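Colleague: predicted coordinates and the sequence they were generated for:
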Amino acid sequence: MRTTENSGTYYDMGFKLGSQLKNVFNPPPCHPEKLKLSFQCREIVKKYTPDLLEEIKGFCDGGNFDLEMIEAFLLVLGYELFYPPGGGCTVIALGSELTESGCPLFARNYDFNIEFQAYCEMTLRAPLGKLRSISFSDHMIGTYGGINESGLVIAILLASDYDNKWQPGIRVNLSARWVLDNCHDTEEAVVFLEKIPHVRGQIFMIMDKKDNIARVETSPLEVAVTYAKKDYLFSTNHYQAEALMKYSNPVLISPNSVERFNKVKTFLDNRKTNLTLNDMMEFLSSHKEGVCNHFEFDGIKAATIYSWIAEIPEKGGPIQTWATIGSPCKGKYKLYTY
Ligand SMILES: [Zn+2]
């Protein structure tokens with residue numbers, strides 16, 4: 001996984017990225033229905049996360065890209081996939097009462113098509129006047145989660161059982177990016193995620209240094225929030241909130257989402273105290289007891305393609321995360337600091 005740094009105004013950060021990808025990146029073709037949805041999403045993105053449109057504009061100017069095509073790529077990414085291949089991730093948020101260090105711990109495996117491993121990047125980002133962060137993605141501007149200088153951690157997961165009707169709204173990678181850039185704690189992040197329209201079903205796991213954990217389960221029509229204080233919450237790739245069951249089609253649940261869910265539950269039922277970074281690294285890396293994931297879906301090879309853990313000290317300090325490049329079963333976690 002590459003590590004990149006970016007800082008400055010949103011336009012400048014976009015311009016720099018665009019210049020780097022000039023003549024390298026080609027946005028995929030976009031059919032009229034997708035373009036129409038992109039235009040509708042644009043108005044909502046403009047209202048709630050306007051800085052990100054500035055960054056997209058900078059990206060297009062820096063790389064001489066067509067603005068409509070890049071907006072369609074980022075604002076409705078994945079629209080043509082009825083079922084994202086290999087979609088499946090695991091996130092566990094442990095409050096201070098469960099950890100040996102007394103610091104909240106956040107553990108995340110990102111599972112997807114292994115061809116996308118080549119595009120995965122860790123970004124150290126410092127938007128002018130906003131919060132610095134370390135985050136992870138396989139495409140420009142949007143993110144799948146990370147940790148910011150305020151000690152707020154967020155990670156996103158596909159709600160694979162969502163019935164898959166897209167609506168105009170803000171795509172999950174952009175809303176996660178906005179949270180990292182702007183929100184100081186779980187409360188602020190939840191207020192934002194409850195306020196914005198979402199394009200489809202997704203799950204956000206959030207934790208802060210004050211030991212507040214939230215699982216925010218979203219759909220275009222309804223959002224359900226579950227809180228824990230000092231305790232724990234976790235998620236795989238299906239809804240848990242009763243309120244969202246009306247949007248859930250169990251037939252669509254991704255392969256082994258339930259199996260990973262049960263593994264996490266068993267692990268936490270057996271080990272509710274004194275959990276360490278090492279314990280979580282072992283659990284994320286293990287196949288038998290844990291959730292390191294390798295499988296095929298429709299002939300496409302998928303796996304846990306990166307993994308990260310953040311410990312959140314109350315007193316602050318540099319932004320830190322332990323991460324593996326590639327499957328955690330194949331490599332050691334390395335500490336990254338920003
Ligand atoms: Zn593995």
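Modeller: That came in fine, so what should we check first? Predicted model, so just to flag it, every value in this text is computed and none were measured. Residues are numbered from 1 along each chain as shown.
Colleague: near the ion, which residues of this structure are found?
Modeller: 292, 327, 329 (CB under 5 Å from the ion). Heads up, the C-betas are built off the backbone N, CA and C, glycines and all.
Colleague: dump the residue contacts of the closest residue to the ion within the stretch 151-300 of the chain.
Modeller: Proximity of the stretch 151-300 of the chain to the ion (CB to the ion) peaks at residue 292, 3.3 Å away. By CB atoms under 8 Å, 6 or more residues apart in numbering, residue 292 lies in contact with 109, 284, 285, 286, 304, 307, 327, 328, 329.
Colleague: which among the residues you listed end up buried?
Modeller: The neighbour-count test (16 or more other CB atoms under 10 Å) marks 109, 284, 285, 304, 307, 327, 328, 329 as buried among those.
Colleague: please identify the helix or strand for the residue of the stretch 151-300 of the chain closest to the ion.
Modeller: Using DSSP states H and E, residue 292 sits in no helix or strand.
Colleague: now the closest residue to it other than its chain neighbours, what are its backbone angles?
Modeller: The shortest distance from residue 292 to any non-neighbouring residue, by CB to CB, 6 or more residues apart in numbering, is to residue 329 (4.6 Å). Here is the backbone geometry of residue 329 (degrees, to the nearest 10): phi -70, psi -10.
Colleague: pretty sure residue 329 sits against residue 287.
Modeller: Yes - Residue 329 is within contact range of residue 287, at 6.5 Å (criterion: CB atoms under 8 Å).
Colleague: residue ranges for the helices of the protein, please.
Modeller: Residue ranges of the helices in the chain, as given by DSSP state H, are 10-21, 32-48, 50-63, 67-75, 172-182, 186-195, 257-270, 277-285.
Colleague: can I get those in JSON lines with mean pLDDT?
Modeller: Listed next are those as JSON lines, based on pLDDT from 0 to 100:
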{"stretch": "helix 10-21", "mean pLDDT": "97"}
{"stretch": "helix 32-48", "mean pLDDT": "96"}
{"stretch": "helix 50-63", "mean pLDDT": "98"}
{"stretch": "helix 67-75", "mean pLDDT": "96"}
{"stretch": "helix 172-182", "mean pLDDT": "98"}
{"stretch": "helix 186-195", "mean pLDDT": "98"}
{"stretch": "helix 257-270", "mean pLDDT": "95"}
{"stretch": "helix 277-285", "mean pLDDT": "97"}
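Colleague: bridged to residue 335, which residues?
Modeller: Residue 335 forms beta bridges with residue 322, as assigned by DSSP bridges.
Colleague: right, and it touches residue 320 too?
Modeller: Yes - look at residue 335 against residue 320 with CB under 8 Å: they come within range, at 6.4 Å.
Colleague: so between these two, which is more surrounded?
Modeller: Using other CB atoms under 10 Å as the criterion, residue 335 and residue 320 rank with residue 320 on top: 16 against 10.
Colleague: quick one: pLDDT of the closest residue to the ion within the stretch 1-150 of the chain?
Modeller: Relative to the ion, the nearest point of the stretch 1-150 of the chain is residue 109 (9.3 Å; CB to the ion). With respect to pLDDT, residue 109 scores 97.
Colleague: what about residue 154, how many residues close to it?
Modeller: 31.
Colleague: I'd say it and residue 204 touch.
Modeller: Yes - using CB under 8 Å, residue 154 makes contact with residue 204 at a distance of 6.2 Å.
Colleague: identify the contacts common to those two.
Modeller: With contacts defined as CB under 8 Å, 6+ apart, the residues adjacent to both residue 154 and residue 204 are 176, 179, 189.
Colleague: which non-adjacent residue is nearest the second one?
Modeller: So the one you mean is residue 179. According to CB to CB, 6+ apart, the nearest residue to residue 179 is residue 189 (4.7 Å).
Colleague: and that neighbour, what does it touch?
Modeller: By CB under 8 Å, 6+ apart, residue 189 lies in contact with 152, 154, 179, 183, 204, 206, 214, 216.
Colleague: pick the one among those residues closest to residue 227.
Modeller: Closest approach to residue 227 among those (CB to CB): residue 214, at 5.4 Å.
Colleague: ok, the closest one to residue 179 distance?
Modeller: 11 Å (CB to CB, to the nearest Å).
Colleague: spit out the residues that contact those two alike.
Modeller: Between them, residue 214 and residue 179 share these contacting residues under CB under 8 Å, 6+ apart: 189, 204, 206.
Colleague: would you map out the domains in this structure?
Modeller: The chain breaks down into these domains under automatic domain parsing: 2-75, 88-337.
Colleague: turn those into CSV, including distance to residue 81.
Modeller: As requested, the domains of the chain are exported to CSV (distance: least, CB to CB, whole Å):
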stretch, distance to residue 81
domain 2-75, 11
domain 88-337, 9
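Colleague: most tightly surrounded among those?
Modeller: Stretch with highest mean neighbour count among those: domain 88-337 (a mean of 20; mean count of other CB atoms under 10 Å).
Colleague: so, low pLDDT: which residues of the chain?
Modeller: Across the chain, the ranges flagged by pLDDT under 70 are 82-87.
Colleague: now the residue nearest to residue 265 when sequence neighbours are not counted: how far from residue 49?
Modeller: In space, and not counting its chain neighbours, residue 265 is closest to residue 234: 7.8 Å by CB to CB, 6+ apart. Residue 234 is 27 Å from residue 49, where distance means CB to CB.
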